[in-house]
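Visitor: just a sequence and a predicted model for now, questions to come.
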Amino acid sequence: MGTHTPDTPPRRHRVVVLALDGLLPFELGIPQRIFGRAKDAQGRRLYDIVTCSVRPPGPVETDADFSVLVENGPEALATADTVVIPASYELGPVHDEGVLTDELAAALALVRPGTRLVSICTGGYVLAAAGLLDGRPATTHWASAERFQRLFPKVRVDADVLFIDDGDVLTSAGVAAGIDLCIHIVRRDHGTAVANEVARRTVVPPHRDGGQAQYIERPVPEPQLATTIRARAWALRRLHEPIQLRDMAVQEAMSVRTFTRRFREEAGVSPGQWLTQQRVERARHLLESTDLSMDQVAADAGFGTAQSMRQHLQSALGVTPTTYRRTFRHPSSLAPAAPTHPVTP
């Protein structure tokens, strides 16, 4: 993001959103809502967000009963650090044959090498038609995944995840998964504290792991059915302690087998995976916001030892705790660690 002092505003990362005819207004608005809320410790915006079309400035049709006036043409793509392509229901030959229109190909040719590429939902068809997903893992809306794989056999499609981060190319499933991916990008760029604040202001969960299932059989349990919410809240208050699966099941008065099945139906992951995710998030928060030793962070997050924490963070984030702290710790916000605190289950 560039070198700067606390008194020198950092160079803003430019996100250019490509609006295509037939776009879904909700998904078009996700980048502006998420990246536009990201600010540093001094309250300065961290991203510039620009919307463009493949044509000169003018109206772009949506799938609703209105159009949107886009004030930038395709030349804006040449200024992007990140390009986001939301879903469209009118992709024409891109969706039907897996080939770009001349207009779209000319627009994408303006994107500079090394630019980060992001698709939301069926926006992934555009990246795939351009050959940018060949040999890469990618996802899209679960209802489109089978067709996507047939049309683009060189892409390693995973229909069972919310999003995939493959470094400089990131793809998401449909609708709300686009929010998860954009928050993930903010977290990757600026750390957990900034991403959590964006999530809080947007009133969405601060973190849903990319590997979580897209489609959960019972995402909102019927009122008369028992849920696992109490067990999750109980566990979040005790992340620093050893937590056994049977202990969580006891909180809901369920057998371990029933609890495990119900938990996966509601959360999309197993209880063990969920616990690890929460402990990683707790460790990230402590590494960013406190000067606790690695042993202390590991104990408070429930990993037991610094070595165990290192292994889990390396697996989840691709970096060591020391590297993560060096990258994301904000000296102006350092404070003594508070006791392990609950977050939204």
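Guide: Looks like it arrived, so ask away.
Visitor: got the contact list for the residue most central in space within the chain?
Guide: Residue closest to the average C-alpha location in the chain (Cα atoms, centre = their mean): Leu181, at 2.3 Å. Going by Cβ atoms under 8 Å, 6 or more residues apart in numbering, Leu181 touches 118, 120, 162-163, 170-172, 210. Backbone N, C-alpha and C define where each C-beta goes, glycine included.
Visitor: mind doing that once more with 7 Å?
Guide: Neighbour list for Leu181: 118, 120, 163, 170, 172 [criterion: Cβ atoms under 7 Å, 6 or more residues apart in numbering].
Visitor: just the buried positions in stretch 238-250, please.
Guide: By 16 or more other Cβ atoms under 10 Å, the buried positions in stretch 238-250 come out as 239-240, 243, 245, 248-249.
Visitor: may I ask which two of these are separated the most?
Guide: His240 and Ala249 (20.4 Å; Cβ to Cβ).
Visitor: before we move on, the earlier item: most neighbours among the contacts of Leu181, which one is it?
Guide: Ser172 (35 neighbours; other Cβ atoms under 10 Å).
Visitor: correct me if wrong: that residue contacts Asp166.
Guide: No: if you go by Cβ atoms under 7 Å, Ser172 and Asp166 don't touch, sitting 11.9 Å apart.
Visitor: circling back to that earlier point, okay, and the residue nearest to the centre of the chain sits in which element?
Guide: Using DSSP states H and E, Leu181 falls within helix 176-190.
Visitor: from the chain's centroid, how far away is that helix?
Guide: Here helix 176-190 is found 3 Å from its chain centre; the criterion is Cα atoms, centre = their mean, to the nearest Å.
Visitor: what's the answer for stretch 156-169, then?
Guide: 11 Å.
Visitor: try stretch 298-315
Guide: 23 Å.
Visitor: next, the buried residues of that stretch.
Guide: 298-303, 306, 309-310, 312-313.
Visitor: repeat for stretch 35-44
Guide: Those would be 35-40, for stretch 35-44 by 16+ other Cβ under 10 Å.
Visitor: before we move on, what about stretch 260-280?
Guide: Buried, per 16+ other Cβ under 10 Å, within stretch 260-280: 260, 262-269, 271, 273-280.
Visitor: same question, stretch 103-122
Guide: 104, 107-108, 110-111, 115-122.
Visitor: how about low-confidence regions in the stretch 201-345 of the chain?
Guide: 205-226, 330-345 (pLDDT under 70).
Visitor: what segments of it are helices?
Guide: 229-236, 245-251, 256-267, 271-289, 294-301, 306-317, 321-328 (DSSP state H, counting those that start in this stretch).
Visitor: in JSON lines: those helices, plus distance to Pro86.
Guide: Below are those laid out as JSON lines (distance: least, Cβ to Cβ, whole Å):
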{"stretch": "helix 229-236", "distance to Pro86": "32"}
{"stretch": "helix 245-251", "distance to Pro86": "38"}
{"stretch": "helix 256-267", "distance to Pro86": "27"}
{"stretch": "helix 271-289", "distance to Pro86": "27"}
{"stretch": "helix 294-301", "distance to Pro86": "35"}
{"stretch": "helix 306-317", "distance to Pro86": "27"}
{"stretch": "helix 321-328", "distance to Pro86": "28"}
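Visitor: all strands for the chain, in order.
Guide: Ranges of strands in the chain, per DSSP state E, are 13-18, 47-52, 58-61, 67-70, 82-85, 116-120, 137-138, 156-157, 163-165, 169-172.
Visitor: rebuild these as a markdown table, extending it with distance to Phe328.
Guide: Converted to a markdown table, these look like this (distance: least, Cβ to Cβ, whole Å):
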| stretch | distance to Phe328 |
| --- | --- |
| strand 13-18 | 15 |
| strand 47-52 | 17 |
| strand 58-61 | 37 |
| strand 67-70 | 34 |
| strand 82-85 | 19 |
| strand 116-120 | 18 |
| strand 137-138 | 25 |
| strand 156-157 | 30 |
| strand 163-165 | 16 |
| strand 169-172 | 19 |
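Visitor: many thanks, have a good one.
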